[in-house]
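Undergrad: Generate coordinates for the sequence data below:
(chains A, B, C and D, ligands or ions: 4)
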Amino acid sequence: MTRTPPTSPAPSEVSMGAALNRALLDAAAEDPDVVVYGEDVGALGGVFRVTDGLSRELGADRVFDSPLAESGIIGTAIGMAMYGLRPVVEMQFDAFAYPAFEQFVSHLAKMRNRTRGTVSVPVVVRVPYGGGIGGVEHHSDSSEAYYTHTPGLRVVTPGTPADAYSMLREAIACDDPVVFLEPKRRYWSKEAVELPVRTEPMERSVVRRTGSDATLVVYGPMVETALEAAAVAAEEGRSLEVVDLRQLTPWDDSVVTASVRRTGRAVVVHEASVFGGYGAEVAARVSERCFHYLEAPVLRVGGLDVPYPPPKLEHLHLPGVDRILAAVDRLQWESRWVADADGTGVDG
Amino acid sequence: MTRTPPTSPAPSEVSMGAALNRALLDAAAEDPDVVVYGEDVGALGGVFRVTDGLSRELGADRVFDSPLAESGIIGTAIGMAMYGLRPVVEMQFDAFAYPAFEQFVSHLAKMRNRTRGTVSVPVVVRVPYGGGIGGVEHHSDSSEAYYTHTPGLRVVTPGTPADAYSMLREAIACDDPVVFLEPKRRYWSKEAVELPVRTEPMERSVVRRTGSDATLVVYGPMVETALEAAAVAAEEGRSLEVVDLRQLTPWDDSVVTASVRRTGRAVVVHEASVFGGYGAEVAARVSERCFHYLEAPVLRVGGLDVPYPPPKLEHLHLPGVDRILAAVDRLQWESRWVADADGTGVDG
Amino acid sequence: MDRHGQRVSHSFFTAPDHTGLADLHRAMVIGRRFNQQASTLARQGRLAVYPSSTGQEAAQVGGVLALGDQDWLFPTYRDSVALVTHGVDPVETLTLFRGDWHAGYDPHRYRCAPQCTPLATNASHAVGLTYAARRKGRDVAALAIMGDGATSEGDAHEAYNFAAVWNTPVVFLVQNNHWAISVPLSTQTAAPTLAHKAVGYGMRGYHVDGNDAAAVYAVVSHALAEARSGGGPAIVEALTYRVDPHTNSDAPQRYRDDSEVAYWRERDPLTRMAALIRREGVLGDEEETERALAAFDAEAEKVATAVRDRMAGEDELDPASLFSDVYAEVPPILREERQELVDGLREA
Amino acid sequence: MDRHGQRVSHSFFTAPDHTGLADLHRAMVIGRRFNQQASTLARQGRLAVYPSSTGQEAAQVGGVLALGDQDWLFPTYRDSVALVTHGVDPVETLTLFRGDWHAGYDPHRYRCAPQCTPLATNASHAVGLTYAARRKGRDVAALAIMGDGATSEGDAHEAYNFAAVWNTPVVFLVQNNHWAISVPLSTQTAAPTLAHKAVGYGMRGYHVDGNDAAAVYAVVSHALAEARSGGGPAIVEALTYRVDPHTNSDAPQRYRDDSEVAYWRERDPLTRMAALIRREGVLGDEEETERALAAFDAEAEKVATAVRDRMAGEDELDPASLFSDVYAEVPPILREERQELVDGLREA
Ligand SMILES: Cc1ncc(C[n+]2csc(CCOP(=O)(O)OP(=O)(O)O)c2C)c(N)n1
Ligand SMILES: Cc1ncc(C[n+]2csc(CCOP(=O)(O)OP(=O)(O)O)c2C)c(N)n1
Ligand SMILES: [Mg+2]
Ligand SMILES: [Mg+2]
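TA: Ligands and ions are numbered 1, 2, ... in the order given. Okay, the predicted model is just below:
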C-alpha cells in the first residue's frame, strides 16, 4: 500500500486513525460550521482515539460529548444540518448505531427527497465497523448492507490512510448525508503519505493493483487483505486485479465491470455475512452486466451466515488470504468445467 | 390462485386478512402461552383488522394494546419468550419497526446463539409490509433485506391466503424468532380454501405455476403479480414458471435452482428497491449455482433506487405485469445475443 | 377560561390582550374550517388520507401564535391547522395527504419542518436546529409538537434529554388528545400527567387546558420566553380531545363511546372562545362583535373555497422528478433508472 | 451508615440483621477479589477485556442479595460481581470476556439473563419476563441493572414505561458511578438525581448511597417487596463510583482527576462495612470478628485461585459449534457452510 512518488522526499508513515484525525482537524479549521460530537469523542478522544486532541485544538464547543443516545445524536445532527451546520458524529461501534436506525432510514436518507431538495442534511456519521480486533459481542458487526439498501444515504469506506483522509474531507464537504464506515481493524495500518492529500473522488472505484486473470472486488478492511492475497497469487503465477470500491452507494459499477470484462472472473470479498450482504449486489450486477464475458461464476467470500463469533473464533468467520485464494482456485480454470456445461451439473 | 379440489364441496373464499385472523385465533385457542399485543391490536382489531375480534374472543389479557413504543414491544416480547410465552406482536407498518431495529438485530436474532441454545425466543413479529395501498410516506416500505441479512432471524412471507394461515400457524409454533412479513396490499386477496389448512412447510419454496421458458422468482405481494404476468405470457406463447420463495431466511435455494436449471432463464421480482435488495442474493446465488445452465443473465425487477414515492407515483415504482414481461423479453431469446458473446458488448 | 368561556385569572401567566384573543379566535375559525374542508376532500377521495384535528384547534393555534418571527415549528401529521396558522400555504400543507409529494412546502421559507409521521422523531431535530441557531448567534426557539401516544417512544425521551442537557430553547407541546388511534392514555402512562415527565429531565413541565387557546398561548409564550432566556426547555401538556376519527379511515366506534365525544364537544374550544369574546366585548359592542365574527367565518370560507378550487384539477406530476432529489446530484445509477423509466413510459 | 461505617437509622427501610450484614460483607470481599483477579487476567491478555466494578461492590451485592429465590437478574457487562453473588459460576461469568463464547452460562439455571452490552436494552426483557411469570401464576420479580449513562437511551425510557403501565415487579437498579466511560453525569442529565426520572412514569424513585451495602440491600428489598405486592416497579439510583478504568483498555487520566478517585477510595464500601462490623460486633467479639473476616478473605482467595486455575488452560473450541445454535435446527445453508469450513480446516 505504498504510494511514495519516486522523486519527492519520502513522506512519513501515517496510520489510518491519524489520517482521519487530521481530516477532522483540517475540515473544522477550514469551515466553522463543522462540529464533531458523539460518545467519548471529547476529552477521551474517542475509544479509538480518532478524535484525539480535537477538543483541545478546536474548543469544547466544536468537539464535545453528548448524552449517551444514538438516535438523539443522529436526530440532533439532522436538526443542526437543517440550520446550516455540518455535524460529524460518531457511533462508537457498528452495532451501537442500530438504536438510531429509524433516524437513518426515515429521516437522514429521506429529508432531501421529502422536501423536493429544499432541505439538505450534510451530516457525516462515522461508524467504526467490522471485526478483527478481538472484540466481544456487538463490537464487530459489518453493517454496511443495512445502509447501502437505503436510497438517499451515501455510504463510503476507505481502505487506505490516504483515502481515509481524502474521503473524510470530501464526505464533510458533501451535501448528502454520508455514512462513513471506518474499518476499525485498519486504524493502525500505515502508509507513507503527505497530508493533506487528495485522492480520487470518493464515488469512483479504484484499481489498487492491476491483473489479468481475475478481479478481486473489495472495500474497507478487505483492501489490505486482497492485496496480500494478490501478492501471494502472483508468486504462484496468477495475476489478480484488485478493485477497491470506496463508495458503496450510490455505486458506479463502471470500473468493476470494465475490469471483469477484461479478466473474465471475479471474487467479491467482504467481512459481513455473505447472505444478503453487499457482495450479493456486486455479484448480481456483475453477473448481469458481464454475462458474456464471464468464464466462471462470480464467487463471494465473506463472513459465515451466523451471528458474529466470539473473539477466539472470529478468524474462522473473517475472510483471509487462504479463503480468498481458495475461491480463486474455484474459478473454473480447467477446461473440463466448460466442457461440462451440457447440463449434467458440475455445480449440482 | 384457486386450489379447489374437484370432488369436495367448494370451500368458501377467504381473504388473506381473514386467514391471518383465523390463524391467530386457532393458535391462541390451542396454546395458552400465545399472547398477541402491539399498537391498536385490541379493541380496534389492528389498523388492517387482522386482529379483529380476537380481544373479545380470547380475552383482553391475551390480546391487548401496549404502550406506543416498538423497541419496548420487541424487548418485552423477548422477555416473555424467555419465560415460556409465545408472543405474537405487531409492528403497525414496516417503517415503524425501525425504532426496534437494535432489539431485532442485537437480541432477537442472537439470543439463542449467545446462550448456546439454552434460551430460545419464539417471538413472532408480524409486519405489514410493502406498497400498493396509496399510503403516504413511511407506510409502504419493503424492509425485508434488513432482516434477511441478519442471521438468527427467520423471515417468511406468504403470497396466498392458505399460506398466510398455514405459515402463521407454523411461525407461532416455531422455536425461532420469526419476522412474519404480511404483504399488506394482499390482505383483501381471496382464495377458495377450507380453514384450517396445512400447506407445504414454510421453509420450502413452492412452484406456483410450472413453465419451461423462464422462471419468475417471487414472494409476498409479487406472487399474485407474477401469476398474472405468467398468464399474459402464456397467451403470447411463452411458458413461465413461477416460484414462490415463502421463507426468505434461512433460504433453501434448491427449488429455485432446480427450476432455473430447467428453464435456463430467471427474473427475480420484488417491490423493494433493487439495489442491495433481497433479489440481489437470489440473483447472485442463482447466477453462481446455475452458471452453466443460464441462457441469459438473471434479471431483477423491483422498486426504483429512490425513497418510496408518494401515492400518486407509486405505480411507477412497483413492478407490474408490464415491467416483468419487459424483463422477460430482455432474456436474450434471439440467437444474435449469443453470437455477440465475443466481447464486443451487448450489455456495454 | 372555564368551560363556559368565563375568564379565570392566573397570577403567573400573562393572558393575551384583546387583539391577541381575536387573533386566536380567527385562526381557530380558519383552522376548523380547514379541517372540515380537508376531511371532505378525504371523503371524496381527493386526499389519500386526512388526520383531522377538529377539537384541537386551540392547542395548535395557541402554540403557534406564541412563536416569534425567527422561531421554527416541528409539527406532526395531526398539525395541519398549526401549519396554516403558521403561514404555510394551505394547499402546500395538503400536498402530503393528497399524495402528490411528501412535504409540499419549503421548510426554510416557512420555518416549518416537514410534517412528521414517525412518532416523536422530529423532536430531536428541533433540538439540533435550535442548537445550531445559537451557535450561529441567532435567537431561534422552536415548538415541537407531539401526541400523548408519542411520548411513549424512546425518541421523545432522547429529545427531551438532549434539550435539557444542552439547554436549547425548545418547547415540547404535547397535545394530549386522550387517544393514540384506539389506545387510551391509561395505556401510555401510569403518571398523573404527561407534564410530570419534565421532572426526570430537570426541566419545567406545564399542564394546561388545551381547549383554551388563551391559556395555551399564555403558557407556551411563557415557556418560550423562559427557554429563550436560558431557562431551559419545557414540556407543555395541553389537555384536549380528538373529536373526529384518527383519520378518515378510522373506526372510532370500535374503541370509544359517543358520550365521551359529546362531553368534549361541550368543551369545544371555538364555542368557548366565542363566548368569552362576546361576554367581554373583545371585538367591540354586540354588533361589532357579530360583524367581526361573521368576517372570520367569511375569511375561513374563502380559505376553504380557495383550497377546493386550487385542488380541483390534477397536478401534472413528472415521473423524472422521482430521481431528482435523492442526492444533491443525480448519480449514474439513477440516471440509468430514469432513462429506463422514461423510455418505458414512452413505449407504453 | 455514614462514610465511616457508623450506623445511621432510618425509620422507613429495614436494615439487615447481623447475618444479613455478614452476608453482604462476605459477598463484597469475594466480589472485590474477583474483580482484581479478572483484571489481572485481562492485563495478562488472558481475557479479551474486563470491565471492573471495583468500588461498586456494595451496589451490586446489596441489590442481588435482596432478590428472592425465584427472582431474575438482568445484568450488564459491568456486573460480574452481581453474577458471582447471584451464584453464577465465576468461570462461566468470564466466558464472555475470555472470548470463548458470548454468554457462558445457562440463564435459566441461574435465573440470570446474559450480561448485556447494548445499553439499556435488556431492561425491557426484564419487564417481559416478569409479565410472563405473572401470567403463569409465578411470583417472580426482577432486578434490572443499568448505568447512569444508559439512562439516556430511549430503551431505558421504554422499559420504565412498560413496567409502570403493566405494573410488573421490576426494580431498575441504576448504578450511578458518575461516569459513562469518559462522560460525566452532568452530560447525561440536567435532573437533580436519576431517581427523579421515576416521577415521569408514575413510579417510585429511590436515591441511595450505593457504597453502603446495607442501605442498598434495604432499599432494594423494600422496592422489591412493594413491586411484588402490586405496588409497581421502581427506580433505585445507587450513588457509587467506578474506581478502576472503564475497562482495562481505558485511559482515565484523559478525563478525570486522581483526586476524584482518591475521594471515593476513602468511601470504599468494603472498608465502611468492615468498620461497622467491627464497631457493632456483628460477627461476635473482636477475636471472632477478625477470625470471621479472615475467613472471608480466605474464601475470596479460594475463589480467585479456582478461577485462575480453571482458566489456566485453553478450552478446545469446536469450529462446528458456530453453526449449531443459530436456529433451533441447522438449516441447509448452514449445513453447507459448516461442511465447507470443516473441509477447509481439514485441508489446512
Ligand atoms: C414510530 C411509529 N410507530 C407507529 C406509528 C403509527 N401511528 C400513527 S399515528 C399513531 C397514534 C399516535 O398517537 P398520538 O401520539 O397520541 O397522536 P395523535 O394521533 O393522537 O395526534 C400511531 C400508532 C407511527 N406513525 N410511528
Ligand atoms: C447502545 C450502546 N451505545 C454505546 C455503547 C458503548 N458503551 C459501552 S459502555 C458505555 C458507557 C456506559 O456508561 P454507563 O451506562 O454509565 O455504565 P458504566 O460503564 O459506567 O457501568 C458506552 C458508551 C453500548 N455498549 N451500547
Ligand atoms: Mg393522541
Ligand atoms: Mg456509569
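Undergrad: per-residue pLDDT, the residue in the stretch 51-200 of chain A positioned nearest to ligand 2?
TA: Using C-beta to the nearest ligand atom, the single residue of the stretch 51-200 of chain A nearest to ligand 2 is A:Phe96, 3.5 Å away. The way it works is simple: take the backbone N, C-alpha and C, and place the C-beta from them, glycine included. Looking at A:Phe96, its pLDDT is 98.
Undergrad: Excluding sequence neighbours, find me the nearest residue to it.
TA: Spatially, and ignoring its direct neighbours in sequence, A:Phe96 is nearest to A:Glu70 (6.0 Å; C-beta to C-beta, 6 or more residues apart in numbering or on different chains).
Undergrad: What backbone torsions are found at the one you found?
TA: Torsion angles at A:Glu70 (phi, psi; degrees, to the nearest 10) stand at phi -70, psi -40.
Undergrad: Around it, how many other residues sit close by?
TA: As a burial measure, A:Glu70 scores 29 neighbours (other C-beta atoms under 10 Å in any protein chain shown).
Undergrad: Over to the one 4 residues further on?
TA: Neighbour count for A:Ile74, taken as other C-beta under 10 Å: 30.
Undergrad: again with the one 5 residues further on
TA: Burial measure for A:Gly79: 35 neighbouring residues, criterion other C-beta under 10 Å.
Undergrad: Using the three-state scheme, assign it.
TA: Counting by DSSP: H, G, I helix; E, B strand; the rest coil, the backbone at A:Gly79 sits in helix.
Undergrad: I'd assumed C:Arg134 was in contact with it.
TA: No: here A:Gly79 lies out of contact with C:Arg134, judged by C-beta atoms under 8 Å, at a distance of 11.9 Å.
Undergrad: residue ranges for the strands of the stretch 51-200 of chain A, please.
TA: A:63-65, A:86-90, A:124-129, A:154-156, A:178-183, A:190-192 (DSSP state E, counting those that start in this stretch).
Undergrad: How about the residue nearest in space to the middle of chain C, nearest residue that isn't a chain neighbour?
TA: By C-alpha atoms, centre = their mean, chain C has its centre lying nearest to C:Asp79, at 2.8 Å. In space, C:Asp79 comes closest to C:Ile145 once its chain neighbours are excluded; the distance is 5.2 Å by C-beta to C-beta, 6+ apart.
Undergrad: where does the one you found land in three-state SS?
TA: The three-state label given to C:Ile145 by three-state DSSP is strand.
Undergrad: measure it to A:Arg285 for me?
TA: C:Ile145 sits at a distance of 44 Å from A:Arg285 (criterion: C-beta to C-beta, to the nearest Å).
Undergrad: repeat for C:Glu226
TA: In this view, C:Glu226 and A:Arg285 are 56 Å apart by C-beta to C-beta.
Undergrad: try C:Glu288
TA: For C:Glu288 relative to A:Arg285 (C-beta to C-beta), the value is 73 Å.
Undergrad: Just the pLDDT for whatever residue of chain C ends up closest to ligand 1.
TA: Chain C approaches ligand 1 most closely through C:Gly147 (2.2 Å), counting by C-beta to the nearest ligand atom. Note on C:Gly147: pLDDT of 98.
Undergrad: returning to that earlier point: out of C:Glu226 and A:Arg285, which sits in the busier spot?
TA: Counted by other C-beta under 10 Å, C:Glu226 and A:Arg285 do not tie: A:Arg285 has more neighbours, with 23 against 18.
Undergrad: residues in contact with the more buried one?
TA: For A:Arg285, the contact set (C-beta atoms under 8 Å, 6 or more residues apart in numbering or on different chains) comprises A:253, A:257, B:280.
Undergrad: ok, for residue 187, nearest residue in space, not its chain neighbours?
TA: Unless you meant another one, I'm taking chain A. Spatial nearest neighbour of A:Tyr187, chain neighbours left out: A:Gly17 (3.9 Å); criterion: C-beta to C-beta, 6+ apart.
Undergrad: Switch to chain C, please.
TA: Leaving aside its sequence neighbours, C:Thr187 sits nearest to B:Asp65 (C-beta to C-beta, 6+ apart; 5.3 Å).
Undergrad: same check, this time on C:Asp212
TA: C:Met1 (4.6 Å).
Undergrad: hang on, isn't that neighbour packed against C:Ala274?
TA: No: in this structure C:Met1 lies outside contact range of C:Ala274 using C-beta under 8 Å: 11.3 Å.
Undergrad: Run through the bridge partners of the residue of chain C found nearest ligand 3.
TA: Among the residues of chain C, C:Gly147 lies nearest to ligand 3; the distance is 3.6 Å by C-beta to the ion. Applying DSSP bridges to C:Gly147 gives these bridge partners: C:Gln175.
Undergrad: That one: neighbouring residues, count only.
TA: The number of residues near C:Gly147, taken as other C-beta under 10 Å, comes to 27.
Undergrad: Could you check how far it is from C:His246?
TA: 10 Å.
Undergrad: would you list every one of the strands in the stretch 151-300 of chain C?
TA: Taking DSSP E, counting those that start in this stretch, the strands of the stretch 151-300 of chain C run over residues C:170-176, C:179-180, C:183-184, C:204-209, C:234-239.
Undergrad: any idea which of those is most buried?
TA: Mean neighbour count, computed with mean count of other C-beta atoms under 10 Å in any protein chain shown, is highest for strand C:170-176 among these, reaching a mean of 31.
Undergrad: Briefly note if it comes near ligand 3.
TA: No: against ligand 3, strand C:170-176 shows no contacts by C-beta under 5 Å from the ion, the least distance being 6.6 Å.
Undergrad: For that strand, the averaged confidence score.
TA: Mean predicted lDDT for strand C:170-176 stands at 98.
Undergrad: Then stretch C:111-125?
TA: Mean pLDDT, computed over stretch C:111-125, is 98.
Undergrad: Give me the contact status of that stretch with chain B.
TA: Yes: residues of stretch C:111-125 are located near chain B by C-beta under 8 Å from any C-beta of the partner chain, namely C:117-119.
Undergrad: With just CA atoms, put that stretch into PDB.
TA: Backbone C-alpha positions of stretch C:111-125 (Å, rounded to 0.1, in the frame of the first residue of the first chain) are rendered in PDB as follows:
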ATOM      1  CA  ARG C 111     -39.500  27.900   9.300                       C
ATOM      2  CA  CYS C 112     -41.500  24.800   9.500                       C
ATOM      3  CA  ALA C 113     -40.100  21.300   9.300                       C
ATOM      4  CA  PRO C 114     -42.000  18.700   7.300                       C
ATOM      5  CA  GLN C 115     -45.000  17.200   9.000                       C
ATOM      6  CA  CYS C 116     -43.600  14.100  10.700                       C
ATOM      7  CA  THR C 117     -45.200  10.700  10.700                       C
ATOM      8  CA  PRO C 118     -42.700   8.500  12.500                       C
ATOM      9  CA  LEU C 119     -43.700   9.400  16.100                       C
ATOM     10  CA  ALA C 120     -41.500  11.700  18.200                       C
ATOM     11  CA  THR C 121     -38.700  11.500  15.700                       C
ATOM     12  CA  ASN C 122     -38.600  15.200  14.700                       C
ATOM     13  CA  ALA C 123     -38.300  16.400  18.300                       C
ATOM     14  CA  SER C 124     -34.600  15.900  18.300                       C
ATOM     15  CA  HIS C 125     -34.400  17.800  15.000                       C
END
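Undergrad: coming back round to it: and the gap between the residue nearest to C:Asp212 and C:Arg267?
TA: From C:Met1 to C:Arg267 the distance is 10 Å (C-beta to C-beta).
Undergrad: from the residues of stretch C:111-125 next to chain B, which single one is nearest C:Leu293?
TA: C:Thr117 (35.3 Å; C-beta to C-beta).
Undergrad: residue contacts, that closest one?
TA: Counting by C-beta under 8 Å, 6+ apart, C:Thr117 has contacts B:136-139, C:76-77.
Undergrad: same thing but at 7 Å, please
TA: Taking C-beta atoms under 7 Å, 6 or more residues apart in numbering or on different chains, we find C:Thr117 in contact with B:137-138, C:77.
Undergrad: Just list what the helix or strand containing A:Arg300 packs against, helices and strands only.
TA: Using DSSP states H and E, A:Arg300 falls within strand A:299-303. The contact analysis (3 or more C-beta pairs under 7 Å, 6 or more residues apart in numbering or on different chains; DSSP states H and E) places strand A:299-303 against strand A:266-273, helix A:278-289, helix A:321-329.
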